[in-house]
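Visitor: Predicted model and sequence below, questions to follow.
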Amino acid sequence: MSEPSIFTRILRGDIPGEIVAETERVFAIKDISPQAPVHLLVIPKTQEYRDVTELAAGDPSLLAEMVEVAKGVAGGDFRLLFNTGASAGQTVFHVHAHVLAGGLGEKSLVGA
Ligand code: AMP
């Protein structure tokens, strides 16, 4: 068994975290270092998938459930981001989607 990730530890209540939504297989928390007025993380309860490519290959329905939860917590239009790999900024290797919303404007992320 791998060490519990920081997100697993939040889910278990071992460390503090604000869980804002939960389904049988997915939960959402507030990011501790928000980069937008709304910045949430949507996370599968299993930590077996390191990144979105592994998740898409291994359990596409779980990925779809994450998108559904993201839509629910965003409360309107939103940006969904998966950092994939350390050199792309991924720091936690328990797949998670960043949900960014609120005051993003209409500018595309590319070049933003
Ligand atoms: P990434 O860099 O894509 O792997 O995203 C990891 C995210 O987890 C970052 O945006 C961090 O701010 C966030 N994060 C790290 N520790 C915590 C924590 N204890 N509670 C909430 N968010 C966290």
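Guide: That came through, no problem.

Visitor: CA atoms for contacts and neighbours, from now on please.
Guide: Fine.

Visitor: Near the ligand, which residues of this structure are found?
Guide: Gly17, Lys30, Asp31, Ile32, Ser33, Asn83, Gly89, Gln90, Thr91, Val92 (CA under 6 Å from any ligand atom).

Visitor: Please pick the buried ones from the residues you listed.
Guide: Gly17, Lys30, Asp31, Asn83, Gln90, Val92 (16 or more other CA atoms under 10 Å).

Visitor: what are the bridge partners for the second one, then?
Guide: If I follow you right, that is Lys30. On DSSP bridges, the residues paired with Lys30 through beta bridges are Leu40.

Visitor: and the gap between it and Pro60?
Guide: From Lys30 across to Pro60, the span is 24 Å (CA to CA, to the nearest Å).

Visitor: cool, and the fourth one?
Guide: Using CA to CA, we find Asn83 at a distance of 18 Å from Pro60.

Visitor: Send over the strand or helix carrying Val67 as CSV, restricted to the C-alpha atoms.
Guide: Taking DSSP states H and E as the definition, Val67 sits inside helix 60-74. Taking Å, rounded to 0.1, in the frame of the first residue of the first chain, the C-alpha atoms of helix 60-74 are listed here in CSV:
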residue,chain,number,x,y,z
PRO,A,60,-13.6,6.6,-17.4
SER,A,61,-16.9,6.6,-15.5
LEU,A,62,-15.1,7.9,-12.4
LEU,A,63,-13.7,10.7,-14.5
ALA,A,64,-17.1,11.6,-15.8
GLU,A,65,-18.4,11.6,-12.2
MET,A,66,-15.7,14.1,-11.3
VAL,A,67,-16.8,16.4,-14.1
GLU,A,68,-20.4,16.1,-12.9
VAL,A,69,-19.3,17.0,-9.3
ALA,A,70,-17.2,19.9,-10.7
LYS,A,71,-20.3,21.3,-12.5
GLY,A,72,-22.3,21.1,-9.3
VAL,A,73,-19.7,22.8,-7.0
ALA,A,74,-18.8,25.5,-9.5
